[in-house]
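*Asks:* Quick one, structure for this:
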Amino acid sequence: MRGEIKIAKGQTKPFNDYTIVGNTVEIHIYSKGNLYKVLVDLEDLDRLKELNRPWHLQWSNKIKDYYIITGISYYTDTGEYKQKTLYLHRFLMNVTKHSEKVHHKDHNPFNNRKYNLEITTNPENSADRQKANSNNKIGVRNVNFIEKLDEYWVQICKNYKRYKWIFPSDQFKEACEFAKEKRREIFGKYSGD
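*Replies:* A predicted model of the protein is given here:
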């Protein structure tokens, strides 16, 4: 079975408290005095309870938000004892290959219901983000002001191919709208808009 993990015996920390609301389970995670509710489908509850591990938050600098994780100990097919971090969204989608990514369609890592998750490639998952790169000084995705030339550049890269369009300094709004349109054209549903 894809994604099957043989859990080592003796793991004693139990599954989190939870609340069932219709077909959704709210997993309760307490961190620094706050209650966080993580959503999963009711159909996944038995599998999560069988794993019997506590889920907690782990900050990700990449997404500037938390991922929901647990630590597990397991035996490989050769009987070797190992430990690893298990991500809730990957566990729910039975993803074991590093090359496969699980994408949160609404960009909310606390919403792990199946309708919100899909298996993608790394380029697709990376393209579908909402924020500008950390080195972008004006804070608008794919738009940069080139001071020495007094112009805006809209730059997009896909599959190692770079696209660039130039706008005069008085067309900031036009450059931003153009960048959004081009992202939709080039990345489709993974445009991040």
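
*Asks:* Which residues are in contact with the closest residue to residue 110 other than its chain neighbours?
*Replies:* Excluding the flanking residues, the one nearest residue 110 by Cβ to Cβ, 6 or more residues apart in numbering is residue 38, at 5.1 Å. Every C-beta, even on glycine, is put in place using the N, C-alpha and C of the backbone. Counting by Cβ atoms under 8 Å, 6 or more residues apart in numbering, residue 38 touches 26, 27, 29, 55, 68, 88, 110, 112.

*Asks:* From residue 110, how far off is the residue nearest to residue 105 when sequence neighbours are not counted?
*Replies:* With Cβ to Cβ, 6+ apart as the criterion, residue 105 has its nearest non-adjacent residue at 5.1 Å, and that residue is residue 116. From residue 116 across to residue 110, the span is 10 Å (Cβ to Cβ, to the nearest Å).

*Asks:* do the same with residue 45
*Replies:* 16 Å.

*Asks:* what about these two, which has more around it?
*Replies:* residue 110 (19 against 16; other Cβ atoms under 10 Å).

*Asks:* so the more buried one makes contact with residue 40?
*Replies:* No: Residue 110 lies out of contact with residue 40 (Cβ atoms under 8 Å); the separation is 10.0 Å.

*Asks:* follow-up on the earlier one: how about the residue nearest to residue 110: which residues does it bridge to?
*Replies:* residue 27 (DSSP bridges).

*Asks:* same check, this time on residue 21
*Replies:* residue 24.

*Asks:* Mind listing what's buried along the lengthiest helix in the chain?
*Replies:* With DSSP state H setting the assignment, residue counts place helix 172-187 as the longest helix in the chain. Going by neighbour count (16 or more other Cβ atoms under 10 Å), the buried part of helix 172-187 is 175, 176, 178, 179, 180, 182, 183, 186, 187.

*Asks:* That helix - contacts with which helices or strands?
*Replies:* helix 122-127, strand 143-146, strand 151-158, strand 161-168 (3 or more Cβ pairs under 8 Å, 6 or more residues apart in numbering; DSSP states H and E).

*Asks:* Output the below-cut-off pLDDT ranges for this protein.
*Replies:* Residue ranges of the chain with pLDDT under 70: 1-13, 123-136, 190-193.

*Asks:* Cool, thanks, signing off.
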